[in-house]
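> My questions concern the predicted model and sequence given below.
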Amino acid sequence: MKTVEDYVELLRDELALPVTAEDLGRPLDAVAAWDSVHLLTLCTLLERETGRPLSLADVLEAPSLEAVYRLAVAP
Amino acid sequence: MTGRDVYIRSAASALPGPPVDNAALARRLGMDALWEQWVDVFIGTASRHLALDLESGEVTGTLAELAAEAGRSALAAAGTGPQEVDAVVLATATPDRLMPATVNIAADLLGIDGVRTFQLQSGCSGAVQALDLAHQLLVSGSAETVLVLGGDVIARFFDVERDLRTAAPAELVNYVLFGDAAGAAVLSTRPAPGAALLRQVFTRLVGLGREPGAVLEWFGPADRDTERPAATEDYKAIEKHVPEMTEEVLTELLDAAGWAPEDVDVLLPPQLSGRMTGLITERLALPRAEPVTCVDRVGNCGNAIVFLQLERALAGALGPGRRAVGVSIESSKWIKAGFALEGR
């Protein structure tokens, strides 16, 4: 996963979330079908894609899917 | 109705093996610290018991053995011998086999014979269905002592080789929510010190036209290679409906018993997960009720868990004159269930 487009593809294909790039900045509770189990699945997938661990505490602070993406790809 | 009173004389439980905590589960299923933290935060269940060797994935025990162990303890606690039991009722979603019925194997292990036996195929409210049936047998005058059993062994649904990173959410939650156990209670028309009067008990199907909230499949030679998962949960439907159904059951129980919310000393809330049960208990807002809950330590043990709560309530919170209400909601095809007790 190198780009935001890859990220949207992952959300759509692996999590079956009906999102587009425009949805990434929305508050998480405004994302259709989003819930805590998706949060876990997404984090697990991101860890697999990036090969780096994520902190749940950090992810819980993230207000949007875009913020989760930034955590995953932060240098 | 004969006007007979029915008492819960004792309750007991049996749990297989040592508790399996989230760290042990994460290690075996190849999950990491984030997964473990997520279970702590969003499920709130710290451990469970499994009739399973986690390393090999082999199932290590049967429901019949667990039910017999719990039944033996409950009979001993009630001072009742197996020959005094007039009927046995067992509730389970996971019988050891389709035939013979697990209730009859458990009865054999307990030395019970020559009496009526019933097995209810049931989900989470099966314990209350079994109590309801036992209550009816006792009220009708056709029995004086009924041994009620309930339990589940979900170990066979555990695939320790499963890569949970690729599991669908509806399947994944099953690996952390549930535990194995059996429970038992001795119901009698004869009172005894430390018993509880069963003031109210009811169960009601409310599943008309509704999709199941939880599904367990069974497979035979013709369909054993099916792609459909053996266990799934519509956890969103459960999160939405169980709290409101719990409130409705509580209101109905209080109305039937003629109790006000402040009259309730002890609450046995539905045991979904540590977190959900905590939220439901808060929402009910019974001003004085002491909650009796164990799901955070043993997981959701299906048909056993009401007996685990009863065992704890009889041993502590439910003293003479104290009033308890218990609520159980079944999300498989949606059943409301509840009971009201008075300590003696």
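In hand now; what should we look at?

> C-alpha from now on. contacts and neighbour counts both.
Fine.

> how much space between B:Ser122 and B:Ala101?
In this view, B:Ser122 and B:Ala101 are 13 Å apart by C-alpha to C-alpha, to the nearest Å.

> And for B:Gly183?
17 Å.

> When these two are compared, which one has more neighbours?
For B:Gly183 versus B:Ala101, the count of surrounding residues by other C-alpha atoms under 10 Å in any protein chain shown is larger for B:Gly183: 35 against 17.

> For that one, give the beta-bridge partners.
Beta-bridge partners recorded for B:Gly183 (DSSP bridges): B:Ser13, B:Gly150.

> Tell me which residues touch it, please.
Residues in contact with B:Gly183 (C-alpha atoms under 8 Å, 6 or more residues apart in numbering or on different chains) are B:11-14, B:67, B:70-71, B:149-151, B:303-308.

> Next, give phi and psi for the residue of the stretch 201-344 of chain B found nearest chain A.
Here the residue of the stretch 201-344 of chain B nearest chain A is B:Lys236; by C-alpha to the nearest C-alpha that distance is 8.6 Å. Main-chain torsions, B:Lys236, degrees, to the nearest 10: phi -70, psi -40.

> before we move on, what about B:Leu267?
Per degrees, to the nearest 10, the backbone of B:Leu267 is at phi -120, psi 130.

> Show me what it is bridged to.
Applying DSSP bridges, one finds that B:Leu267 bridges with B:Pro291, B:Val325.

> pLDDT at it, what is it?
Note on B:Leu267: pLDDT of 98.

> Run a quick check on it versus B:Val325, I expect a contact.
Yes. Counting by C-alpha atoms under 8 Å, B:Leu267 does reach B:Val325; the two are 5.2 Å apart.

> which one of the contacts of B:Gly183 is nearest B:Ala33?
B:Ile305 (28.7 Å; C-alpha to C-alpha).

> what residues are up against A:Val4?
A:Val4 makes contacts with A:Ala21, A:Tyr69, as judged by C-alpha under 8 Å, 6+ apart.

> Could you report the separation of it from A:Leu42?
As judged by C-alpha to C-alpha, A:Val4 and A:Leu42 stand 14 Å apart.

> Using CSV, write out every CA atom in stretch A:39-57.
In CSV, the C-alpha atoms belonging to stretch A:39-57 read as follows (Å, rounded to 0.1, in the frame of the first residue of the first chain):
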residue,chain,number,x,y,z
LEU,A,39,-11.4,-0.8,13.2
LEU,A,40,-9.7,-4.0,14.3
THR,A,41,-9.7,-5.5,10.8
LEU,A,42,-8.4,-2.3,9.3
CYS,A,43,-5.5,-2.1,11.8
THR,A,44,-4.6,-5.7,11.2
LEU,A,45,-4.6,-5.2,7.5
LEU,A,46,-2.5,-2.1,7.7
GLU,A,47,0.0,-3.8,10.0
ARG,A,48,0.3,-6.6,7.4
GLU,A,49,0.6,-4.1,4.5
THR,A,50,3.2,-1.9,6.1
GLY,A,51,5.0,-4.5,8.2
ARG,A,52,4.8,-2.1,11.2
PRO,A,53,2.9,-2.3,14.4
LEU,A,54,0.1,0.2,15.2
SER,A,55,-0.8,1.4,18.7
LEU,A,56,-4.5,0.9,19.5
ALA,A,57,-4.4,4.0,21.7
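
> need the next SSE after the longest helix belonging to chain A, C-terminal direction.
The longest helix of chain A (DSSP state H) is helix A:36-50. Remark: after helix A:36-50, the chain's next helix or strand is helix A:56-61, criterion DSSP states H and E.

> pLDDT-wise, which helix or strand of the chain ranks last?
No chain specified, so I'll use chain A. Within chain A, no helix or strand scores below helix A:36-50, which has a mean of 89 by mean pLDDT, DSSP states H and E.

> try chain B instead
helix B:169-172 (a mean of 70).

> What residues does chain B have near chain A?
B:Leu34, B:Trp35, B:Gln37, B:Trp38, B:Phe42, B:Arg165, B:Pro169 (C-alpha under 8 Å from any C-alpha of the partner chain).

> What separation do you get for the third one and B:Leu216?
Computed with C-alpha to C-alpha, the distance linking B:Gln37 and B:Leu216 is 27 Å.

> and chain B, what are its domains?
Domain segmentation of chain B under automatic domain parsing yields B:7-188, B:196-343.

> And the strands in the stretch 201-344 of chain B?
Here the stretch 201-344 of chain B has its strands, by DSSP state E, counting those that start in this stretch, at B:214-216, B:231-233, B:266-268, B:290-291, B:323-330, B:335-343.

> so where's the chain uncertain?
Went with chain A since none was named. Within chain A, no range satisfies pLDDT under 70.

> switch to chain B, that's the one I care about
Using pLDDT under 70, the flagged stretches of chain B are B:1-2, B:169-170.

> What's the separation between the residue in it sticking out farthest from the centre and B:Ala93?
When distances to the mean C-alpha position of chain B are computed (C-alpha atoms, centre = their mean), the maximum falls on B:Ala222, with 31.7 Å. According to C-alpha to C-alpha, B:Ala222 and B:Ala93 sit 22 Å apart.
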